[in-house]
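**Student:** here is my input, please return the structure:
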Amino acid sequence: MNFRRGLMLAGLSSLVVSSLLAVSVLSVRPAIAADKVKIGFLLKTMQEERYQRDKAAFLAKAKALGADVVFDSANNDEQTQLAAFENMLSQGVQVIVLQPVNTGTAGGMVTSAHKSGVKVVGYDAMLLNGLLDAMVMQDSWAVGKLQADAMVTWLKAKTGSVKGNVALIRGQPGDSNANAMSSGVLEVLKANPDLRLVADQSHENWLPDKAMATTENLLTKFGNKVDAIICNNSGMARGVIAALDAQGLASADKVFVAGSDADLVNIQYVAQGKEAAEIWKKIAPFAETAAETAVTLARNPDKEPKAILKVDRIVNNGAFDVPTIVTPVVLVDKSNLDRTVIAEGFYTHQQVYGK
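**Tutor:** Residues are numbered from 1 along each chain as shown. Reported below is the predicted structural model:
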């Protein structure tokens with residue numbers, strides 16, 4: 001990962017990325033004892049299909065490591081998440097793994113946890129200005145870059161040039177993860193001046209219906225002359241495809257659509273030729289790494305996180321340098337579908353193709 005990509009990772013211009021750290025690793029943890037620990041896992045939502053996988057993988061790994069888990073989700077509501085967070089503190093957890101609903105305001109929960117002697121591990125989306133003990137995330141900038149690079153390849157194959165009308169469908173307004181993914185897209189657009197960004201729209205709560213409405217408006221405004229639509233997640237991509245389908249445009253040969261999360265319906269759309277590409281965020285290693293990180297911190301409360309974790313880089317979240325672990329993402333399209341999500345067991349052939 002080069003310096004520029006590190007800067008883009010959390011969607012902040014002020015991010016500072018260190019060089020790769022040579023530190024002790026999660027896979028060798030002699031300090032972890034067999035005694036029970038209690039950790040919390042708090043997701044912002046269960047709205048998307050992928051979060052069932054996050055939950056299952058995290059719980060299974062934590063159990064295998066001898067930890068008890070208090071799990072909750074927040075239905076994309078800040079106050080619901082705050083109440084759940086406080087409930088976890090009252091139940092005596094030692095570490096909370098937190099995916100914030102609002103990355104701009106969640107720092108207060110971290111402060112509250114530290115006052116209670118509880119560590120906090122960020123998950124998926126980097127919160128701003130909070131003193132996280134560690135962060136586990138995927139390379140969000142690379143998600144957008146992969147989507148946009150695939151769009152460029154698609155345009156070249158279709159028209160022999162890289163030009164056209166492009167829409168960027170963002171998630172929650174101000175969300176650091178949405179911003180990071182979008183920044184990867186915008187960098188590719190900047191490098192290809194004949195691509196016209198006709199919409200750059202955020203969507204509250206990442207709702208597919210809102211993305212569908214945005215797409216309907218775009219198609220009306222531009223007389224169906226929209227060449228590519230890049231979405232921050234799979235759910236919103238489904239909303240986009242629903243709007244395209246109503247106009248007879250739901251085909252990867254007509255409009256390039258890319259999503260991110262690799263939900264089953266979207267992977268089926270890729271197989272059917274309705275959607276051009278999805279980004280597969282490998283959920284199992286992601287959630288398992290977060291569980292390992294939490295258990296390691298719980299069993300080594302007096303040690304510095306960067307001394308006991310497999311840290312990939314240090315990311316500044318606007319106020320603090322956060323030890324950060326990054327897990328991989330993979331572009332999935334019709335050409336590699338069988339050898340990625342199917343070959344690696346994420347979905348079966350029957351699930352994807354119906355036969």
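**Student:** and stretch 241-255, what's buried?
**Tutor:** For stretch 241-255, the neighbour count (16 or more other CB atoms under 10 Å) marks 241, 242, 243, 244, 249, 250, 251, 252, 254, 255 as buried. C-beta coordinates here come from the backbone N, C-alpha and C atoms, glycine included.
**Student:** so what touches it?
**Tutor:** Contacting residues not belonging to stretch 241-255 are listed as 154, 158, 208, 212-213, 215-216, 219, 224, 226-229, 257, 269-270, 273-276, 334 [CB atoms under 8 Å, 6 or more residues apart in numbering].
**Student:** the same query, at a cut-off of 7 Å, please.
**Tutor:** Stretch 241-255 is contacted from outside by 212, 215-216, 219, 224, 226-229, 257, 269, 273-276, using CB atoms under 7 Å, 6 or more residues apart in numbering.
**Student:** same question, stretch 219-232
**Tutor:** Outside of stretch 219-232, the residues that reach it under the criterion CB under 7 Å, 6+ apart are 147-148, 151, 155, 164-171, 178, 181-182, 185, 198, 211, 215, 218, 237, 240, 243, 247, 249, 255-260.
**Student:** with only the CA atoms kept, save it in CSV.
**Tutor:** Included here for stretch 219-232 are C-alpha records, laid out as CSV according to Å, rounded to 0.1, in the frame of the first residue of the first chain:
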residue,chain,number,x,y,z
LEU,A,219,-32.4,8.5,-15.8
THR,A,220,-35.2,11.1,-16.2
LYS,A,221,-32.8,14.0,-16.1
PHE,A,222,-30.3,12.5,-18.7
GLY,A,223,-32.8,10.6,-20.8
ASN,A,224,-31.4,7.2,-19.7
LYS,A,225,-28.0,8.3,-20.9
VAL,A,226,-26.1,7.1,-17.8
ASP,A,227,-23.2,4.9,-18.6
ALA,A,228,-22.0,3.7,-15.1
ILE,A,229,-23.2,3.7,-11.6
ILE,A,230,-20.8,2.9,-8.7
CYS,A,231,-22.3,2.1,-5.3
ASN,A,232,-20.8,2.0,-1.8
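**Student:** list the buried residues of it.
**Tutor:** When burial is assessed from 16+ other CB under 10 Å, stretch 219-232 yields the following buried residues: 219, 226, 227, 228, 229, 230, 231, 232.
**Student:** would TSV of those residues with distance to residue 96, secondary structure and pLDDT be doable?
**Tutor:** Formatted as TSV, the entries for the buried residues of stretch 219-232 read as follows, by distance: CB to CB, whole Å; DSSP: H, G, I helix; E, B strand; the rest coil; pLDDT from 0 to 100:
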residue	distance to residue 96	secondary structure	pLDDT
219	43	helix	97
226	42	coil	97
227	44	coil	98
228	39	strand	98
229	36	strand	98
230	33	strand	98
231	30	strand	98
232	25	coil	98
